[in-house]
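*Asks:* Model the following, please.
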Amino acid sequence: MSINISPYMKFERPEWAMLRDSVPMTLTQDELASLQGINENLSLDEVIDIYLPLSRLINYYISANISRQLVLSKFLGKSQKTPYIIGIAGSVAVGKSTTARVMQALLTRWPEHRKVALVTTDGFLYPNKVLQERGIMNKKGFPQSYDTKKLLQFVSDIKSGKPKVLAPVYSHLEYDIIPDESIVIDNPDIVILEGLNVLQGTVNYSQQENRVFVSDYVDFSIYVDADIDLLHHWYVNRFLKFRAGAFSDPTSYFHNYSKLSEDEAMKVANTIWKEINERNLMENVLPTRERANLILSKGEEHRVNCVYLRK
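*Replies:* Numbers count the residues shown, from 1 in each chain. All right, here's what the predicted structure looks like:
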């Protein structure tokens, strides 16, 4: 007799939707349209069934965390504010950014009116010049392409309650870090940290001397998951949409792709997926899935079919 042991409770979509427990919908369809990615068609039903219950759960966790902080403040004899960090990980093209933006919008609108900052780890990639010097431009998004020390210092400063922490800015149009530009994270209640490498640890950074990782600072983690064939399909579709849109901008790093025929563009997209994104997914991203507190499992059209919550 086989015994199925899992650290997760599985909720089919209807079961999970019931856990909303009358939490009011605070976003309109127009607002959702501004939050979704280029390759997604986010519906109000998706937010109601999936993201409202999730925001309710996270609010419970945050309230419990605040109570714990009060206990620690009493023990230490001084007050301190420690932001709650939510990590969102998953493959390229799975919809991490949309999940992050929706959660930011929902958590901001709870009655507590908490201040929610959103940061992507793209800003902590090394500049292209450095990647080129190291011969790893084709490894962009892999663990070695990130300035891990800088990212660790950032999350450490956030968790220490340091005011006005600076985060570098990444331009997807220029495909590079914007020099001398940063965003200021000023005393937030919640920080949503989104990126490929949020949950990575020892296996991914085996050469790192410091044995502290970004995931050590994350209070609650979400992994956005989908079948690899769907991810491949979504990536190619997104690439083709960018080719007709953002890539047509002469200042875009990928401007030359806009001049390709659709067949040529599909070949390029398939090659990039197979040689870079799928490889990174299998080697570095997917192995972190079971480290997450919660997994959103997507099916066709980016629709979440089931949710896995760590026991």
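*Asks:* Render the CA-only coordinates of the least confident helix or strand in the chain by mean pLDDT in PDB, please.
*Replies:* Of all helical and strand segments in the chain, the minimum by mean pLDDT, DSSP states H and E falls on helix 29-35, at a mean of 82. Extracted in PDB, the C-alpha atoms of helix 29-35 (Å, rounded to 0.1, in the frame of the first residue of the first chain):
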ATOM      1  CA  GLN A  29     -12.800  45.600 -14.600                       C
ATOM      2  CA  ASP A  30     -11.100  48.700 -15.900                       C
ATOM      3  CA  GLU A  31      -8.600  48.600 -13.000                       C
ATOM      4  CA  LEU A  32      -8.000  44.900 -13.600                       C
ATOM      5  CA  ALA A  33      -7.200  45.700 -17.300                       C
ATOM      6  CA  SER A  34      -4.400  48.000 -16.100                       C
ATOM      7  CA  LEU A  35      -2.900  45.300 -13.900                       C
END
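*Asks:* Who are the packing partners of the next helix-or-strand element following that helix?
*Replies:* Scanning forward in sequence from helix 29-35 by DSSP states H and E, the next helix or strand is helix 44-46. Of the remaining helices and strands, none touches helix 44-46 by 3 or more C-beta pairs under 8 Å, 6 or more residues apart in numbering; DSSP states H and E. For glycine as for every other residue, the C-beta is placed from the backbone atoms N, C-alpha and C.
*Asks:* mean confidence for the helix or strand immediately after helix 44-46 in the chain?
*Replies:* Using DSSP H and E, the helix or strand that follows helix 44-46 in sequence is helix 52-76. For helix 52-76, mean pLDDT rounds to 92.
*Asks:* Give me the distance between helix 52-76 and the centre of its chain.
*Replies:* 22 Å (C-alpha atoms, centre = their mean, to the nearest Å).
*Asks:* and what of stretch 24-41?
*Replies:* 17 Å.
*Asks:* follow-up on the earlier one: the least confident helix or strand of the chain: which residues count as buried?
*Replies:* Neighbour-count burial for helix 29-35 flags 32, 35 (criterion: 16 or more other C-beta atoms under 10 Å).
*Asks:* Summarise which helices and strands it is packed against.
*Replies:* Using 3+ C-beta pairs under 8 Å, 6+ apart: helix 29-35 touches helix 96-108.
*Asks:* Let me see the residues that make contact with the helix or strand following the helix it packs on.
*Replies:* For helix 96-108, the following helix or strand on the C-terminal side (DSSP H and E) is strand 116-120. Contact with strand 116-120 is made by 83, 97, 100-101, 104, 107-108, 154, 167, 170, 183, 185, 188-195, as judged by C-beta atoms under 8 Å, 6 or more residues apart in numbering.
*Asks:* what's downstream of strand 116-120, the next helix or strand?
*Replies:* Next along from strand 116-120, by DSSP H and E: helix 128-133.
*Asks:* send the alpha carbons of that following helix over as PDB?
*Replies:* The C-alpha coordinates for helix 128-133 follow below in PDB (Å, rounded to 0.1, in the frame of the first residue of the first chain):
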ATOM      1  CA  ASN A 128      24.400  44.100 -19.500                       C
ATOM      2  CA  LYS A 129      28.000  45.400 -19.600                       C
ATOM      3  CA  VAL A 130      28.900  43.200 -16.600                       C
ATOM      4  CA  LEU A 131      27.100  40.200 -18.100                       C
ATOM      5  CA  GLN A 132      28.900  40.600 -21.400                       C
ATOM      6  CA  GLU A 133      32.300  40.900 -19.700                       C
END
